[in-house]
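Student: give me a 3D structure for the following:
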Amino acid sequence: MKGVETDFSRKMSYTDYLGLDTLLAAQKPLTGQHDENLFIIIHQVQELWMKLMNTEIGLALSCLRVDDLRPAFKALARVSRIQRQMVEAWDVLSTMTPADYLSFRDSLGSSSGFQSWQYRLLEIRLGARDSFMLKPHQHRADLSAILNESFHAPSLYDEALRLLARRGLPIPAHVLERDLATPYEADEGVVAAWGVIYRESAAYFDLYEMAEELVDLEDSFLQWRFRHMTTVERIIGQRMGTGGSAGVGYLKQALERRFFPELWTVRGRL
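Tutor: Below is the predicted model:
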């Protein structure tokens, strides 16, 4: 078309801006099996989405600390939308049959999605606290430092509860002062505080909105976990996962864990 730029010998192009040469060269199958490329690309795309999710969760954390809720809500809504994209990705991976996967599985060696440090950071920021999960990354001092810093810092839910306390809601002191490196335990006092917000939503509308953003986020996360579990079961059944993980068994257990437990409990108390 007339007037459209065509000479990029001295200017930045679309390929240059996105670093496509590097990105498209990052797929390095170790076998000649056709489906290995699918497996690599799906997981690389998931890692890119997790990078963006961690960026958005980081923004939400910093905003909650200073009572700047609108940008936090936007960031959390974006994370929920990203998770829906990630759920759809499992549909693509499920086109791979068990025979397809077994044709290249041995080439994975001890590598496993269980070792994704970005996924671990995401879980930690949402509230997961299990020191064993830090061990697969201890051979990398840079990654260990990132994970350990978040492991000992307030989670998204911790910051939400601190915000409730600053607004005058009766969050118990032992919840606010707990050891942040230990697993969060549901508390009836927190259920009661959320109950006030839901029953008096007009008076606490921004906190009410925050509660629903958190529920949306966890709902989307649970759907992602469930689709992950069913996809893995469809492809490898009850086999042990690569890297020594328990495979489907571990993924099923993960479905029972909640980041924001009182936000689910309060629904039955209204």
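Student: buried ones in stretch 45-65, by neighbour count?
Tutor: Gln46, Trp49, Met50, Met53, Asn54, Glu56, Ile57, Leu59, Ala60, Leu61, Cys63, Leu64 (16 or more other C-beta atoms under 10 Å). Backbone N, C-alpha and C define where each C-beta goes, glycine included.
Student: before we move on, what about stretch 114-124?
Tutor: Result for stretch 114-124 [16+ other C-beta under 10 Å]: buried residues Phe114, Ser116, Trp117, Gln118, Tyr119, Arg120, Leu121, Leu122, Glu123, Ile124.
Student: where in the stretch 1-150 of the chain is pLDDT low?
Tutor: Within the stretch 1-150 of the chain, the stretches with pLDDT under 70 are 1, 3.
Student: who's in contact with Arg162?
Tutor: Shown in contact with Arg162 (C-beta atoms under 8 Å, 6 or more residues apart in numbering): Leu64, Arg65, Pro154, Ile171, Leu176.
Student: check the secondary structure at it for me.
Tutor: Under the three-state scheme (DSSP: H, G, I helix; E, B strand; the rest coil), Arg162 adopts helix.
Student: next one: Thr95
Tutor: Thr95 is classified as coil under three-state DSSP.
Student: distance of it from Ile42?
Tutor: 10 Å (C-beta to C-beta, to the nearest Å).
Student: try Ser150
Tutor: The gap separating Ser150 from Ile42 is 26 Å, by C-beta to C-beta.
Student: these two: who's more crowded?
Tutor: Ser150 (20 against 17; other C-beta atoms under 10 Å).
Student: check contacts around the closest residue to that one other than its chain neighbours.
Tutor: In this structure, Ser150 finds its nearest non-sequential neighbour in Ile124, 4.6 Å apart by C-beta to C-beta, 6 or more residues apart in numbering. When contacts are counted by C-beta under 8 Å, 6+ apart, Ile124 touches Leu147, Ser150, Phe151, Ser155.
Student: what's near enough to touch the second one?
Tutor: Applying C-beta under 8 Å, 6+ apart, we find Ser150 in contact with Leu121, Ile124, Arg125.
Student: for Glu213, state which of the residues you listed is nearest.
Tutor: Set against Glu213, the nearest of the contacts of Ser150 by C-beta to C-beta is Arg125 (14.8 Å).
Student: so Arg225 is in which element?
Tutor: If you go by DSSP states H and E, Arg225 is part of helix 205-236.
Student: just give me how far that helix sits from the chain centre.
Tutor: When distances are taken as C-alpha atoms, centre = their mean, to the nearest Å, helix 205-236 is centred 9 Å away from the chain's centroid.
Student: and it, what's buried?
Tutor: Buried residues in helix 205-236 (16+ other C-beta under 10 Å): 207-208, 210-211, 213-218, 220-222, 224-229, 231-233, 235-236.
Student: can you spell out which helices and strands pack onto it?
Tutor: Judged by 3 or more C-beta pairs under 8 Å, 6 or more residues apart in numbering; DSSP states H and E, helix 205-236 is in contact with helix 69-93, helix 98-102, helix 117-126, helix 156-166, helix 188-199, helix 248-254, helix 261-265.
Student: now these in a markdown table, with distance to Met12?
Tutor: Listed next are the helices and strands packed on helix 205-236 as a markdown table, based on distance: least, C-beta to C-beta, whole Å:
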| stretch | distance to Met12 |
| --- | --- |
| helix 69-93 | 27 |
| helix 98-102 | 39 |
| helix 117-126 | 28 |
| helix 156-166 | 37 |
| helix 188-199 | 49 |
| helix 248-254 | 43 |
| helix 261-265 | 46 |
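Student: tell me which of those helices sits nearest to Leu18.
Tutor: Shortest distance between Leu18 and the helices and strands packed on helix 205-236, using C-beta to C-beta, is found for helix 69-93: 18.1 Å.
Student: and the nearest residue to Arg258 once chain neighbours are set aside, how far is that from Ser144?
Tutor: Computed as C-beta to C-beta, 6+ apart, the closest residue to Arg258 that is not its neighbour in sequence is Trp264, at 6.2 Å. Distance, Trp264 to Ser144, by C-beta to C-beta: 32 Å.
Student: now do Leu161
Tutor: Counting by C-beta to C-beta, the gap from Leu161 to Ser144 is 27 Å.
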